[in-house]
Structure formats: C-alpha cells, structure tokens
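okay, structure incoming, though there's no sequence with it:
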C-alpha cells in the first residue's frame, strides 16, 4: 500500500509540476511576468519534492517510469489547461472564396471589428478580412466564417499585445 501511495505521489506531483511549467511558459511568451513568476515558485517546489523521491530510490526503476509517465501526462494536461484558459488575443485573417460581404456583416453583427484590405491573388482581387479578438472567441469566429464560406482561407496568429482599436463588447461590462 505504501508503495502505491509513493508511486501515486510521484505521478501526481509530476503532472502538476509539468502542467504548471507549460502554463508558465505560455504566460512568459505573452509577457505576463508576475503570473509566470508565481507559478514558477510553486512549480519548482513540487518539482524538487518529486525529483527527490525518485533520486533517493534509484534502485527502484518503477519510480523512474512513473516519474516519466507523469511528465508525459503533465504535458497533455498543461496543454489542455492552456486551451481552456484561452489567454490573450489572436489575429484572424480570412480570405473568403465567396460571400465576403455576408461574412463581414455577420462578424460585425456579432460584435467583432473587421478591417477589410484589398489584395490581389492568383484569381484576381480579393478582400482580406482582419479580425482581432480574445482567444476564447476563436471557435465562434471560425464557425461564423465556416457556415458562410467553408472554402475561405483562414490564418490564425497569436497577438502578443494589442493597443487601441475596436474589440468585441463583453456582456455585463
């Protein structure tokens, strides 16, 4: 029983520490220093405690395997958490194959700012729609575009920082 508790502790600690590391790295990339530092503080404590349990019993290869499995699971959980948090802003660029006016109108009706730029592609002049929004709105934007033009070319880019402009109004604010 004690062995299973030890293995469970190593696994869970590793999942927690690697999940925290994943979220911390994404916060660093987004320039959120304070949040990254706080997560890093707790992350390193959990990491050292878990690593200490494995290093103090190198004669037991099961501990090492559980530690490695916890690392793998922690990456999965960390990415899942980051997707659910959907931190920051995105830049969505849409080049419609058709229905560009309808797409512009429906995005604007749903509260998104749309900047239209004229471009020249292989088949002539096309409108390029630029939408900047919170990451949590990405699925809605893609759905609105996809329902009207499934063949639209869409590129999604992370926007580290945005200043000024028009953003979708949040309800209750």
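Happy to help now that I have it. Since the model is a prediction, treat every value here as computed from it, not as a measurement. Numbering: from 1, shown residues only.

which strand in this structure runs the most residues?
As assigned by DSSP state E, the longest strand anywhere in the chain is strand 124-134.

what's that one packed up against?
Counting contacts by 3 or more Cβ pairs under 8 Å, 6 or more residues apart in numbering; DSSP states H and E, the secondary-structure elements packed against strand 124-134 are strand 89-95, helix 100-109, strand 115-121. Backbone N, C-alpha and C define where each C-beta goes, glycine included.

buried residues in that strand?
Residues of strand 124-134 classed as buried under the neighbour-count rule (16 or more other Cβ atoms under 10 Å) are 126, 127, 128, 129, 131, 132, 133, 134.

that strand pairs with which strands?
The strands beside strand 124-134 in its sheet (DSSP bridges) come out as strand 89-95 (antiparallel), strand 115-121 (antiparallel).

quickly list the domain ranges of this structure.
Residue ranges for the domains of the chain, per automatic domain parsing: 2-85, 89-159.

circling back: can you pull out the residues in contact with the longest strand of the chain?
Surrounding strand 124-134, the residues in contact under the criterion Cβ atoms under 8 Å, 6 or more residues apart in numbering are 86, 88-96, 100, 103-104, 107, 112-120, 141, 159, 162, 165, 167-168.

repeat for stretch 21-30
Outside stretch 21-30, the residues within contact range by Cβ under 8 Å, 6+ apart are 35-36, 39-40, 43, 74-75, 78-79, 81-82, 85, 87-88, 158, 160.

okay, and which of those residues map to strands?
Residues from those lying in strands, with DSSP E as the criterion: residue 158.

out of the contacts of stretch 21-30, name the two that are farthest from one another.
Every pair in these was compared (Cβ to Cβ); the two farthest apart turn out to be 74 and 160, at 25.2 Å.

out of the two, which sits in the busier spot?
Higher neighbour count among residue 74 and residue 160: residue 74, with 22 against 10, using other Cβ atoms under 10 Å.
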